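S.K.: Sequence and predicted structure are below.
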Amino acid sequence: MPIQDEADILDTNLSVEIAGVGFRNPVIGASGCFGYGLEFSELIDLNRLGGFCTKGLSARPLAGHPPARIVETHGGMLNAIGLQNVGARAFIEEKLPLIRRYDTRVIANVFGYSEEDYMETIRILNDGEGISLYELNISCPNVKEGGIVIGNSAAAAARLTESARRLSERPLIVKLSPNVTNIAEIAKAIVAAGADALSLINTIVGMAIDVNTFKPRLSYGTGGLSGPAIHPIAVRMVYEVAQVVSAPLIGIGGIASAMDALEFIIAGATAVQIGTANYYDPLVTMKVIDGLSDYCKKRGISRIGELTGATFN
Ligand SMILES: Cc1cc2nc3c(=O)[nH]c(=O)nc-3n(C[C@H](O)[C@H](O)[C@H](O)COP(=O)(O)O)c2cc1C
């Protein structure tokens with residue numbers, strides 16, 4: 001029998017836990033970039049994925065904004081989809097039974113225009129079998145009510161978190177907006193209000209203008225910037241939030257490789273979400289999982305959790 005490389009026989013444990021929920025590995029598909037998971041079932045092995053977040057679900061179906069809803073930019077993209085989704089009830093009846101065929105964690109991303117909307121969505125989703133956690137989207141920049149309007153105020157975000165926590169039958173992740181002056185202060189208020197975990201960041205408000213028509217290139221006017229361009233901003237924010245809260249963090253923003261994901265983990269994240277990169281490389285989640293495993297094996301790290309918050313230690 002050939003002698004194995006020592007690195008190969010080291011059992012690298014990529015599993016992580018968020019609010020008492022175990023994940024096979026820390027790689028999660030980000031909301032709005034992973035459909036309802038099923039869209040990726042023929043492209044990747046969903047059973048290898050740590051989990052995925054659904055597109056933002058509202059109590060009733062939403063059509064979203066008219067086109068153009070996406071614009072490519074240097075190192076990223078701007079989007080203003082307007083939260084198009086099938087609605088929480090249709091998600092439970094039509095999507096969940098198919099999703100349950102796969103062995104991966106399902107995180108339902110929840111959106112509302114008002115506190116009552118959010119509560120109604122959670123009430124409906126509480127009946128959905130196979131959802132592991134909720135992710136409260138209080139940071140969508142592409143709507144005039146709800147979303148970012150709540151996420152930009154520590155008091156409003158804390159109030160909504162408290163109500164959602166009371167109603168939720170599952171652990172609650174709250175997704176933070178980067179479009180704020182002091183993300184650490186808002187993170188503290190949300191955790192104090194009962195959030196079980198935080199995910200960050202959502203997109204950064206931007207704008208692109210058509211120089212021929214003198215009009216914004218997105219029908220909504222502004223949009224949310226995502227992709228590699230935002231990665232360093234997101235890493236900095238995870239690092240800042242990790243200094244002031246002890247709740248688990250999920251790092252999001254511009255991940256396109258295992259090294260990008262590792263920066264978040266070292267900055268203090270327990271897990272990561274991958275969004276925009278799925279659009280140009282549908283295999284990216286699998287590549288990041290393999291890359292994390294290789295990195296750990298080469299460095300003799302037996303549990304990826306050892307790296308969380310390893311900065312400057
Ligand atoms: C087209 C598109 C749609 C999105 N829809 C949602 C959404 O419904 N809910 C949400 O919380 N975040 C949504 N996001 C934000 C992403 O989940 C993620 O936070 C952000 O894009 C940064 O990660 P990335 O740079 O890897 O894309 C969306 C992003 C994009 C690009």
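M.R.: Structure's in. What do you need?
S.K.: Touching, Ser226 and Gly253? I think so.
M.R.: Yes. Under the criterion of CB atoms under 8 Å, Ser226 makes contact with Gly253 at 7.3 Å. C-betas here are computed from N, CA, C, even on glycine.
S.K.: For the two, indicate the residue with more neighbours.
M.R.: Using other CB atoms under 10 Å as the criterion, Ser226 and Gly253 rank with Gly253 on top: 33 against 29.
S.K.: Would you check how far apart that one and the ligand are?
M.R.: 5 Å (CB to the nearest ligand atom, to the nearest Å).
S.K.: Excluding chain neighbours, what is closest to that residue?
M.R.: Ala234 (2.7 Å; CB to CB, 6 or more residues apart in numbering).
S.K.: And the closest residue to Ile70 other than its chain neighbours, how far from Ile44?
M.R.: Excluding its sequence neighbours, the residue lying closest to Ile70 (CB to CB, 6+ apart) is Asn79, at 5.0 Å. According to CB to CB, to the nearest Å, Asn79 stands 22 Å off from Ile44.
S.K.: These two: which is more packed in?
M.R.: Neighbours were counted for Asn79 and for Ile44 using other CB under 10 Å; Asn79 has more, 27 against 18.
S.K.: returning to what we had before: so the residue nearest to Gly253 makes contact with Leu249?
M.R.: No. At 11.0 Å, Ala234 does not count as touching Leu249 under the criterion of CB under 8 Å.
S.K.: Overlap of the contact sets of the two?
M.R.: Common neighbours of Ala234 and Leu249, counting by CB atoms under 8 Å, 6 or more residues apart in numbering, are Leu200.
S.K.: between these two, which one's more packed in?
M.R.: The residue with more neighbours, out of Ala234 and Leu249, is Leu249; 30 against 26, by other CB under 10 Å.
S.K.: Enumerate every residue touching that one.
M.R.: By CB under 8 Å, 6+ apart, the neighbours of Leu249 are Ala197, Leu198, Ser199, Leu200, Val238, Val241, Ala242, Gly268, Ala269, Thr270.
S.K.: Can you report phi and psi for the residue nearest to Gly253?
M.R.: Backbone geometry at Ala234, expressed as degrees, to the nearest 10, gives phi -70, psi -40.
S.K.: The one 3 residues further on too?
M.R.: Backbone dihedrals for Met237, given as degrees, to the nearest 10, come out at phi -70, psi -40.
S.K.: Likewise for the one 5 residues further on?
M.R.: Main-chain dihedrals, Ala242, degrees, to the nearest 10: phi -60, psi -20.
S.K.: Can you check what pLDDT the model gives it?
M.R.: The score at Ala242 is 98. That number is its pLDDT.
S.K.: what do you get for Ile148?
M.R.: Value for Ile148, per-residue pLDDT: 70.
S.K.: what's the burial count for it?
M.R.: Neighbours around Ile148, by other CB under 10 Å: 24.
S.K.: Excluding sequence neighbours, find me the nearest residue to it.
M.R.: Ile148 sits nearest to Pro141 (CB to CB, 6+ apart), 4.8 Å away.
S.K.: got the contact list for the one you found?
M.R.: Gly147, Ile148, Ser177, Asn179, Asn202, Thr203, Ile204, Val205, Thr222, Gly223, Gly224 are the contacts of Pro141 under CB under 8 Å, 6+ apart.
S.K.: Helices of the stretch 51-200 of the chain, start to end?
M.R.: For the stretch 51-200 of the chain, the helices defined by DSSP state H, counting those that start in this stretch occupy 88-90, 96-99, 115-125, 148-151, 154-167, 183-192.
S.K.: Show me what the fifth one is packed against.
M.R.: Using 3 or more CB pairs under 8 Å, 6 or more residues apart in numbering; DSSP states H and E as the contact criterion, the secondary-structure elements in contact with helix 154-167 are helix 115-125, strand 133-137, helix 148-151, strand 172-175, helix 183-192.
S.K.: Equivalent analysis for the first one, please.
M.R.: For helix 88-90, the elements it packs on are helix 115-125, judged by 3+ CB pairs under 8 Å, 6+ apart.
S.K.: Please apply the same query to the third one.
M.R.: Secondary-structure packing of helix 115-125 (3+ CB pairs under 8 Å, 6+ apart): helix 88-90, strand 105-110, strand 133-137, helix 154-167.
S.K.: Show me which of the ones you listed has the highest average neighbour count.
M.R.: strand 133-137 (a mean of 27; mean count of other CB atoms under 10 Å).
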